[in-house]
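K.L.:
from the sequence below, what's the structure:
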Amino acid sequence: MIFDVNRFHFQSILQQQQDTSIRRLGELRDQIKLDRQAKEQLEVLHQKEMRNKNNRIEELTLQVRTSIFQRKLSNVFSLD
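P.N.:
Numbering: from 1, shown residues only. Here you go, the predicted model:
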């Protein structure tokens with residue numbers, strides 16, 4: 001009789017632990033999913049920001065080249 005009570009108690013504790021572990025596993029899977037989604041969103045934003053910065057660099061580079069070219073032309077025509 002005592003053996004049956006202890007066995008039942010032991011099985012109850014094991015079942016509670018298993019339920020807790022299964023629930024925690026589900027929570028961790030959900031957290032991993034959310035973390036992956038957040039990472040993907042950050043990567044997309046980072047890529048967009050990098051494209052914008054690269055476009056700005058190209059724009060400024062073109063402005064500098066244009067300015068240099070205009071100065072050279074100005075110097076050529078002012079020498080005449």
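K.L.:
if I look at the residue positioned nearest the centre of the chain, how far off is R51?
P.N.:
Centroid-nearest residue in the chain: K39, 2.6 Å away (criterion: C-alpha atoms, centre = their mean). Going from K39 to R51 by C-beta to C-beta, to the nearest Å gives 19 Å. C-beta here means a position set from N, CA and C on the backbone, and glycine is covered the same way.
K.L.:
ok, back up a step: how near is the residue nearest to the centre of the chain to H46?
P.N.:
K39 is 10 Å from H46, by C-beta to C-beta.
K.L.:
please apply the same query to K72.
P.N.:
K72 sits 39 Å away from H46, going by C-beta to C-beta.
K.L.:
and if you look at L14?
P.N.:
Applying C-beta to C-beta to L14 and H46 gives a distance of 47 Å.
K.L.:
same check, this time on R7
P.N.:
Taken as C-beta to C-beta, the span from R7 to H46 is 57 Å.
K.L.:
repeat that for Q70.
P.N.:
Relative to H46, Q70 is positioned 36 Å away (C-beta to C-beta).
K.L.:
likewise for K33?
P.N.:
20 Å.
K.L.:
likewise for R24?
P.N.:
Per C-beta to C-beta, R24 is found 32 Å from H46.
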